[in-house]
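A.B. asks: give me a model of this one.
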Amino acid sequence: LTLGAGKTVDGSPSVDRINPNKGYTPENCWIISHKANRIKSNATVCEIRMVAEGLENKGYY
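C.D. replies: Numbering: from 1, shown residues only. Sure thing, here's the model as predicted:
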């Protein structure tokens, strides 16, 4: 994670809820990068897994 001098950058820290149906409690939150949070918010776990497996199969990961 990186700080972006007042700007949000891909590596900026972001508070994310593990279960979006629950509140912002210490047990339900973690700090991830802004980029990871954007990716996570726009895709399902299955979609993320499919992309990761595809990259791995192509030798990119």
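A.B. asks: what distance do you get for the one residue sitting closest to the centre of the chain to residue 47?
C.D. replies: Centroid check for the chain by CA atoms, centre = their mean gives residue 36 as the closest residue, at 2.4 Å. From residue 36 across to residue 47, the span is 14 Å (CB to CB, to the nearest Å). Glycine gets a C-beta too; all of them are placed from N, C-alpha and C.
A.B. asks: returning to that earlier point: what residues of the host helix or strand of the residue nearest to the centre of the chain count as buried?
C.D. replies: Element membership for residue 36, per DSSP states H and E: helix 34-41. Neighbour-count burial for helix 34-41, counted by 16 or more other CB atoms under 10 Å, picks out 34, 37.
A.B. asks: how far is the helix or strand following it from where the chain is centred?
C.D. replies: Elements were assigned by DSSP H and E; along the chain past helix 34-41, the next helix or strand is helix 45-57. Using CA atoms, centre = their mean, to the nearest Å, the distance from the centre of helix 45-57 to the centre of the chain it belongs to is 14 Å.
A.B. asks: over to residue 15. Which of the three states is it?
C.D. replies: For residue 15, the assignment made with DSSP: H, G, I helix; E, B strand; the rest coil gives strand.
A.B. asks: burial measure for it, as a count.
C.D. replies: By other CB atoms under 10 Å, 10 other residues sit near residue 15.
A.B. asks: could you do residue 25 as well?
C.D. replies: Per other CB under 10 Å, the neighbour tally for residue 25 reads 10.
A.B. asks: could you check how far it is from residue 41?
C.D. replies: For residue 25 relative to residue 41 (CB to CB), the value is 19 Å.
A.B. asks: check residue 10 too.
C.D. replies: Distance from residue 10 to residue 41, by CB to CB: 14 Å.
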